[in-house]
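Participant: I'll drop the sequence and a predicted model, then ask my questions.
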Amino acid sequence: MAGAVLVHGLYHRAEHFALVAHGLRAAGVHVVVPELHRGSLGADTAAIQAAVDELGEPPVVLGHSYGGSVITGLQGAAHLVYLAAFVPDAGESAASAGGATPQLRNAIVSAPDGSTFIRRDSAADVFYADCPEDRAAWAVDLLRVQAPGCGRGVPVHQSWKHTPSTYVVCARDQAIEPEQQRMSARRCTSVHEWPTGHSPFVVRPELVVDLVLDLLRGCATPYRSDGRHSTAHRP
């Protein structure tokens, strides 16, 4: 079975995927969860590309939120999973796509150096509104300050144009508008919609584990040889 690479979003850390990584490793999957926050989209993408290359066999690569911009620039993945994530086309960035909810915009605080952070009293409602209180508190404690500029980065490649891909819409998302997600999902090979908030890897890790295992077992919707996206499994 090929491996899996999990890519977190802005303000988050690799540790946020701990529950998913544990479930996949228990199933015998080689899981890599690199840390981002390397100063730019290009640097973040290079770190994930190195992880993909080191695995040898093409892995399933999952990107959450801003992580969608990161995985869009990759080469050599077997399957891409966009989890409430951005799917940029040529010349587009996460910032230009828009879709941030009023709750997210109100929760972001800018520092004099251009970095931003999420207000602690708003973070749980924005990212983990459907999580049990103790688990949400754990996830909030892991959040970090975000350096400026990453969200404005434009991927060099648009890997979803030639790599099979799955989009997961989080229908109760309080960070990225679900309708924006549905628009992004049109670029992917197949689509799932889950009744979760922005962070199912925290509140419902088994959903993420099961999806990745299905893809690793070859159960993803086939990518047509003529390069067109299948519409199977769309809601």
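Facilitator: Received the coordinates, thanks. Residues are numbered from 1 along each chain as shown.

Participant: tell me, what residue is most central in this protein?
Facilitator: Closest to where the C-alpha atoms of the chain average out (C-alpha atoms, centre = their mean) is H64, at 1.3 Å.

Participant: residues contacting that residue?
Facilitator: Counting by C-beta atoms under 8 Å, 6 or more residues apart in numbering, H64 makes contact with L6, V7, H8, G9, H12, L83, A84, A85, S199, F201. Glycine gets a C-beta too; all of them are placed from N, C-alpha and C.

Participant: Could you check how far the fifth one is from A95?
Facilitator: Which is H12. 17 Å (C-beta to C-beta, to the nearest Å).

Participant: Could you check which of the two is surrounded by more residues?
Facilitator: Neighbour comparison, H12 and A95: the larger count goes to H12, with 26 against 17 (by other C-beta atoms under 10 Å).

Participant: what's near enough to touch the residue nearest to V156 when sequence neighbours are not counted?
Facilitator: Spatial nearest neighbour of V156, excluding adjacent residues (C-beta to C-beta, 6 or more residues apart in numbering): G73 at 5.4 Å. Applying C-beta under 8 Å, 6+ apart to G73 gives the contacts L41, G42, T45, Q49, P155, V156, H157, S159.

Participant: Tell me what the residue nearest to the centre of the chain is bridged to.
Facilitator: In this entry, H64 is beta-bridged to L83, by DSSP bridges.

Participant: Between the contacts of G73, which sits nearest S110?
Facilitator: Nearest to S110 among the contacts of G73 is L41, at 19.3 Å by C-beta to C-beta.
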